[in-house]
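> would you be able to build a 3D model of this:
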Amino acid sequence: MKQGNIERHSNSIFHCITTFSRKKQLYDVIDQLLEFASPDKIIVFDSGNRTEIEKYCSKLKIGYKSDVSVKTADQNIAMVFREQKTPMFIHHDDDQITPEILNVKKFVQENPNIDFICSLRLNDSKFNLLSCKNEEEKINKLLDLYFVSHNRNSPLISGQFVDNSKPWSYREKYICKGEYNDVGRILDLMTRENSYIANKPYINYNISDGHNSVPHEQGRQELAKFLRKISPQKGKLYSLICLFNFKRPTFYYFRVMLELIKHPSYFSKLLKKALTQYPLRFFLQ
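A predicted model of the protein is given here:
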């Protein structure tokens, strides 16, 4: 790639922060971004429509956008995609950004064909999707991270990079309803040929908070339905595992054992997870 193209791509990378009510965390992530990004490349998308945040952004000469019709986190993300037609990183207001993001930005500059990037929670130099022969293998390898990873090392929606200067859209079959819709989004974007997963995290993600720390059965039921549809080979097993934390009828456990007989390698994976996590939880982490 010509040097001019690298520079042009580099100069067009924005950092968009979605926020609703947090203030201290928002200020912290802005301070972190200002260490390696110029103020005119940072934009706050505030679904809380707060005048004090707008004034703070104006003082720092960073961008600020809000819309009184935007009420939810999903609507706020949709506003980012609708209004910011550039290559960009999308941050939550409680993200903690690591210096590794500089290497990821360099990677983006040198590989303009890459349109989507996300990070693993934890460093794993061995993980890659290159060995997968097709999209279904990629789906199962990603779902293994969510459901049988002994160290909770799943891919993050936080800090996601999207080249929104190119036309793209979410694919219908990957739409997961309910509060765990980010699983569907990750599968959609990270199974594409022009995607990349950073083995070394550029985001520190707080796993002790959020909807995964206190699972809700209705959301998990929606997720289980999605898993059975998206993975014909192992979807039943994944769907049973994600409901493990709730009281289930006796026949449910027979179904778990039946699926494990079909996929015997998962006995050892789940045993390792059971022995390394406390309290014992097999559900989505």
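
> can you give me the helices for the stretch 51-200 of the chain?
Using DSSP state H, counting those that start in this stretch, the helices of the stretch 51-200 of the chain run over residues 51-60, 73-83, 100-110, 135-147, 181-190.

> of those helices, which stretch is the most buried?
Scoring the helices of the stretch 51-200 of the chain by mean neighbour count under mean count of other Cβ atoms under 10 Å gives helix 181-190 as the most buried, with a mean of 22. Placement of C-beta: from N, CA and C, glycine included.

> can I get the helices of the stretch 51-200 of the chain in TSV including distance to residue 33 and mean pLDDT?
Below are the helices of the stretch 51-200 of the chain laid out as TSV (distance: least, Cβ to Cβ, whole Å; pLDDT from 0 to 100):
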stretch	distance to residue 33	mean pLDDT
helix 51-60	10	97
helix 73-83	15	93
helix 100-110	9	93
helix 135-147	27	94
helix 181-190	22	96
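
> residue 12: which of these is closest?
Of all the helices of the stretch 51-200 of the chain, the one in closest proximity to residue 12, counting by Cβ to Cβ, is helix 100-110 (10.1 Å).

> now the closest one - C-alpha only, CSV.
Written as CSV, here are the backbone C-alpha positions of helix 100-110 (Å, rounded to 0.1, in the frame of the first residue of the first chain):
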residue,chain,number,x,y,z
GLU,A,100,-1.8,-2.0,22.9
ILE,A,101,-4.3,0.0,21.0
LEU,A,102,-1.4,1.9,19.4
ASN,A,103,-0.3,-1.4,17.8
VAL,A,104,-3.9,-2.1,16.7
LYS,A,105,-4.1,1.3,15.1
LYS,A,106,-0.8,0.7,13.3
PHE,A,107,-2.2,-2.7,12.1
VAL,A,108,-5.3,-0.9,10.8
GLN,A,109,-3.2,1.7,8.9
GLU,A,110,-1.1,-1.0,7.3
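
> gap between residue 178 and residue 187?
In this structure, residue 178 and residue 187 are 15 Å apart, going by Cβ to Cβ, to the nearest Å.

> biggest strand in the chain by residues?
strand 155-163 (DSSP state E).

> need the residues that contact it.
For strand 155-163, the external contacting residues (Cβ atoms under 8 Å, 6 or more residues apart in numbering) are 81, 87-92, 95, 97, 101, 104, 108, 112, 114-121, 142, 145, 168, 182, 185-186, 189-190, 197, 201-203, 205.

> check the closest residue to residue 173 other than its chain neighbours and give its pLDDT.
Nearest residue to residue 173, sequence neighbours excluded (Cβ to Cβ, 6 or more residues apart in numbering): residue 230, at 7.0 Å. Residue 230 carries a pLDDT value of 96.

> same check, this time on residue 4
Looking at residue 4, its pLDDT reads 40.

> burial count for the residue nearest to residue 173?
22 (other Cβ atoms under 10 Å).

> distance of it from residue 47?
According to Cβ to Cβ, residue 230 and residue 47 sit 29 Å apart.

> try residue 140
Applying Cβ to Cβ to residue 140 and residue 47 gives a distance of 35 Å.

> circling back: and the residue nearest to residue 173, how far from residue 217?
20 Å.

> please apply the same query to residue 66.
Distance of residue 66 to residue 217, computed by Cβ to Cβ: 34 Å.

> okay, the two: which has more neighbours?
Legend: neighbour count by other Cβ under 10 Å for residue 66 and residue 217, higher for residue 66 (19 against 12).

> please verify my assumption that the more buried one contacts residue 43.
No - between residue 66 and residue 43 there is no contact, the gap being 11.0 Å when judged by Cβ atoms under 8 Å.

> related to what we said a few turns ago, what lines up beside the longest strand of the chain in the sheet?
strand 87-92 (antiparallel), strand 116-120 (antiparallel) (DSSP bridges).

> any idea which of those is most buried?
Ranked by mean neighbour count under mean count of other Cβ under 10 Å, those are led by strand 87-92, which reaches a mean of 24.

> determine how far that one lies from the middle of the whole chain.
With Cα atoms, centre = their mean, to the nearest Å as the basis, strand 87-92 stands 11 Å off its chain's centre.
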